[in-house]
Structures are given as structure tokens and as C-alpha cells.
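Participant: here is my input; please provide its structure:
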Amino acid sequence: MKIGTMYIAAVGMLSVGLILAGCDRTSPSQPHASAPEVGAVTVSTRSIVLTTELPGRASPYRVAEIRPQVSGLVQKRLFTEGSDVQAGQMLYQIDPAPFQAALDTAEASLRKAEAQLFSVRLRAERYRELLADKAISRQEYDDAAAAEKQARAEIAFWKAHVETARINLGYTRVTAPISGRIGRSNVTDGAIVTAYQSLSLATIQQLDPIYVDVSQSSAEFLWLRRSLDAGQLSRDGDDGRKVRLILEDGTAYPLEGTLQFADITVDPTTGSFILRIVVPNPDPLLLPGMFVRAVVQEGVAHQAILAPQQGVSRNPKGEPVTWVVDEAGTVQQRVLVLDRAIEDHWLVTSGLSAGERVIVEGMQRVRPGMTVKAVSLEETRTNAERSASPDIQPRERGEGDV
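Facilitator: Model prediction:
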């Protein structure tokens with residue numbers, strides 16, 4: 001029994017020694033943990049044009065409400081509803097008969113006054129000669145001279161009546177004051193109309209070009225002025241007045257508009273003011289009242305820094321943060337101040353500088369102060385593709401293979 005116990009103890013001590021020896025041999029050969037590899041993008045400054053989308057509606061360039069200038073019976077409508085009309089084109093014919101009669105009456109009265117002037121003028125001239133010879137009294141001559149002046153005034157009076165009657169006769173031909181597209185007619189043939197009535201006969205709207213009125217908040221206006229005064233933005237010359245439009249269905253309008261002016265009054269209910277844009281509309285594709293979005297240029301940022309949206313996240317406070325790799329390969333977390341999204345990037349106001357490397361892939365594996373190996377984004381994706389699809393060597397054919 002004693003020999004068996006000693007044998008078992010010896011075997012146990014030998015096994016422990018072998019295990020410890022194995023541990024001592026494997027420990028020195030175990031490799032050290034290498035720095036994780038992350039994909040990074042180096043940010044740089046660039047010149048970009050900042051724009052903003054503003055809602056607005058189209059309105060006609062010119063509007064003319066057609067109203068009669070004389071009272072009478074509408075004999076005929078001379079246009080097609082919804083068609084394009086030209087300035088001076090005849091639209092309605094009001095019965096001209098009573099106005100022609102008034103013109104004839106005024107012309108006859110004018111001729112009568114001119115005939116009376118002939119005899120009165122001759123009498124005044126004879127009395128002037130007789131007064132020089134003292135053949136008549138001064139009073140008689142004064143009466144003749146006054147009669148001549150009265151006759152001349154009568155002629156002027158009837159000339160004015162003739163002109164008024166001629167104008168009223170012309171008003172029986174209701175013509176288009178502007179060129180444009182005319183809408184539906186509010187009266188039909190045989191309707192009685194009155195001069196300057198409240199109901200318009202029809203409405204003409206000029207649609208080429210057309211106005212687009214968009215609203216901008218006064219707060220955005222103040223920010224833009226401060227940015228321009230501080231030199232963060234600069235005007236883009238005449239190109240800064242160019243405006244692109246986006247239609248209701250999300251498609252881009254093919255022609256550019258031009259910013260004409262900004263209103264000088266802020267609406268107290270909305271805190272915004274109106275920007276008016278003139279847009280070519282030859283088709284016309286834009287119609288009055290149509291909703292559009294205008295892409296208006298704010299200015300040019302010559303030292304803008306853009307960070308990939310893929311490399312920006314949020315901390316527990318909700319602040320935008322990103323991970324930056326310095327020259328020593330150490331990871332640092334930066335809190336950013338963002339202005340707006342530009343395609344797949346963020347415009348960074350502060351928190352980043354040109355030349356810094358922003359981690360865009362592998363952010364889940366990094367911590368502040370960790371040392372990493374930063375490679376370009378393209379190289380990281382190439383390495384990932386290689387590891388995902390390892391090379392497979394073809395097997396040599398053996399004797400049993402067919």
C-alpha cells in the first residue's frame with residue numbers, strides 16, 4: 001500500500017510539472033494585441049454655395065380685370081375663354097347706337113355754334129370801326145365784343161362734348177389692355193352692363209414671365225446679415241440672384257428665376273417677409289396659385305468644412321460628436337456645432353479643423369485615448385472584402401477521383 005501511494009504521488013507531481021512547463025513554453029510565444037484598424041477621412045476646407053429652400057406660390061406677372069367704361073347692352077363676346085389674347089384685341093362689343101347718336105348731336109351743336117360765331121364776329125368788327133368814329137356808344141361795342149367771346153366759349157363747350165361722345169363711342173369696343181391668358185367670361189351676349197361695375201367681365205393674366213412669391217423668416221434674414229458682415233459668407237455676384245424651383249411633385253423646374261426684390265415689411269403674424277422671384281414661363285408650366293419651393297442662394301462659404309454624416313453620432317446629451325485620430329494614432333472625441341446637411345455631409349461650424357482625420361468606419365470599437373491604426377476609407381473596404389471572401393485553393397485530383 002505504501003509503495004502504491006508513493007507511485008500515485010510521483011505521477012501527480014510529474015503531471016503538474018509537465019503542465020507548468022507547457023505554460024512556460026507557450027507564454028513567451030503568445031503575440032501582443034495589435035491596434036485595431038479603422039477607416040478615416042481627412043477633412044479639408046472647400047468653397048461651397050449655401051442655399052435654402054423656401055416655400056412660395058406663383059402669381060401672375062400682370063393682372064387686368066376687364067370692366068365696362070360705359071353702360072349698355074353686350075352685343076357679342078369676341079374671344080375664346082381660356083385662350084391667349086393680345087393687347088388691343090377686341091373682347092366685347094357694347095351696343096354703339098346711343099353713343100353714336102350722342103356724338104352726332106354734339107357735332108351738330110358744334111357746327112351751330114361755329115355758324116353763330118361768324119355773324120357775331122363780323123358785328124364786333126363793324127362796331128369797333130364805328131366806335132373809332134364815335135358813331136356808336138361804348139356800351140354797344142362792349143355788348144358786341146362780349147357776344148363774340150360767348151360764341152367762342154360755346155364752340156369750345158361743344159368741342160369738349162364731341163370729344164366726350166367720341167370717347168364713349170370708343171368704349172363700346174371693350175379691348176384687352178394687356179397681353180396674356182383670359183379666363184372665363186362672367187357675362188353673355190345680351191347682358192346689360194353698367195360703367196365701372198363691381199363684377200368684372202373677364203380677367204386677363206400675363207403668365208410669361210410669372211412671379212413666385214416666397215416667404216423667409218426675419219430670423220434667417222438676421223443670421224444671413226451677420227454672416228455676411230462677419231465675412232463667413234460672401235455674395236456670389238449676379239449668380240447669387242439666380243433661383244432654382246422645385247415643383248409640387250418634387251421635379252425640378254427647367255428654367256432658372258431671378259430674385260427681383262425683398263419686401264421691406266415683416267408680417268407680424270408670421271414673422272416673415274416676401275421675396276419676389278421672376279421666372280420665365282413660356283409653356284406655361286407654372287400657373288397662378290401653384291405651390292413651389294424655391295432654392296435661394298444665401299452666399300458662398302470659402303472656408304467650409306464638411307464632415308461625413310457616417311462619422312457623426314450623438315452623445316447622451318444629444319450633442320453631435322465625432323471621433324478624430326491624431327498624428328500619434330490616439331482617438332479623441334470632439335463635440336461639433338453643425339449648421340446644415342449638404343447631401344451626405346454635415347457643414348461644421350466649429351469642432352473640426354482642416355487636415356484632421358475623422359473615423360467613419362469602426363467607431364464601435366474605439367474609446368477615447370485608444371491607439372488605433374487609421375487607414376483610408378477605400379483601403380478599409382478593400383481589406384474587409386478580402387477577409388469576407390478568402391482564397392480557396394483547388395484540391396489535387398487523387399486516384400479515387402473520377
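
Participant: what residues are up against Ala307?
Facilitator: 43, 322, 336, 345-346, 348, 352, 358 (CB atoms under 8 Å, 6 or more residues apart in numbering). For glycine as for every other residue, the C-beta is placed from the backbone atoms N, C-alpha and C.

Participant: could you list everything Ile277 pairs with in the sheet?
Facilitator: Beta bridges link Ile277 to Val212, Leu259 when assigned by DSSP bridges.

Participant: contacts only, for it.
Facilitator: 56, 211-214, 243, 257-260, 294 are the contacts of Ile277 under CB under 8 Å, 6+ apart.

Participant: again, but for Gln206
Facilitator: Neighbours of Gln206 in contact, by CB under 8 Å, 6+ apart: 60-63, 178-181.

Participant: now those residues: which count as buried?
Facilitator: 60-61, 178-181 (16 or more other CB atoms under 10 Å).

Participant: so which of those belong to strands?
Facilitator: 60-61, 180-181 (DSSP state E).

Participant: closest one of the residues you listed to Ser227?
Facilitator: Tyr61 (32.4 Å; CB to CB).

Participant: quick one on the thing from earlier: can you put the ones in strands among the buried ones among the contacts of Gln206 in a markdown table and add pLDDT and distance to Leu285?
Facilitator: Shown next, in a markdown table, are those (pLDDT from 0 to 100; distance: CB to CB, whole Å):
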| residue | pLDDT | distance to Leu285 |
| --- | --- | --- |
| Pro60 | 94 | 14 |
| Tyr61 | 94 | 15 |
| Gly180 | 94 | 16 |
| Arg181 | 94 | 13 |
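
Participant: the stretch 51-200 of the chain: strands as residue ranges?
Facilitator: Ranges of strands within the stretch 51-200 of the chain are 72-77, 84-85, 90-94, 173-175, 180-182, 192-193, based on DSSP state E, counting those that start in this stretch.

Participant: what about Pro368, neighbour count?
Facilitator: By the criterion of other CB atoms under 10 Å, Pro368 has 9 neighbours.

Participant: just list the residues touching it, thanks.
Facilitator: Contacts of Pro368 (CB under 8 Å, 6+ apart): 331-333.

Participant: out of these, who's nearest Pro268?
Facilitator: Gln333 (44.6 Å).

Participant: rewinding a little: determine which two of the ones in strands among the buried ones among the contacts of Gln206 are furthest apart.
Facilitator: The widest separation within those (CB to CB) is 11.2 Å, between Tyr61 and Arg181.

Participant: between these two, what contacts are shared?
Facilitator: Common neighbours of Tyr61 and Arg181 (CB under 8 Å, 6+ apart) are 205-207.

Participant: I'd like to know which of the residues you listed are part of strands.
Facilitator: Those of the shared contacts of Tyr61 and Arg181 lying in strands (DSSP E): 205-207.

Participant: show me the helices in the stretch 251-400 of the chain, by range?
Facilitator: Secondary structure of the stretch 251-400 of the chain by DSSP state H, counting those that start in this stretch: the helices cover 377-388.

Participant: and what of the stretch 101-250 of the chain?
Facilitator: Secondary structure of the stretch 101-250 of the chain by DSSP H, counting those that start in this stretch: the helices cover 138-171, 218-230.

Participant: export the last one to CSV, keeping only CA atoms.
Facilitator: Once side chains and other backbone atoms are set aside, the C-alpha atoms of helix 218-230 remain, and they are given as CSV (Å, rounded to 0.1, in the frame of the first residue of the first chain):
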residue,chain,number,x,y,z
SER,A,218,-36.8,87.6,-40.3
ALA,A,219,-34.6,85.4,-38.0
GLU,A,220,-33.0,83.8,-41.1
PHE,A,221,-32.5,87.3,-42.6
LEU,A,222,-30.7,88.5,-39.4
TRP,A,223,-28.4,85.4,-39.4
LEU,A,224,-27.6,86.0,-43.1
ARG,A,225,-26.7,89.6,-42.5
ARG,A,226,-24.5,88.8,-39.5
SER,A,227,-22.7,86.1,-41.5
LEU,A,228,-22.1,88.5,-44.4
ASP,A,229,-20.9,91.2,-42.1
ALA,A,230,-18.5,88.8,-40.3
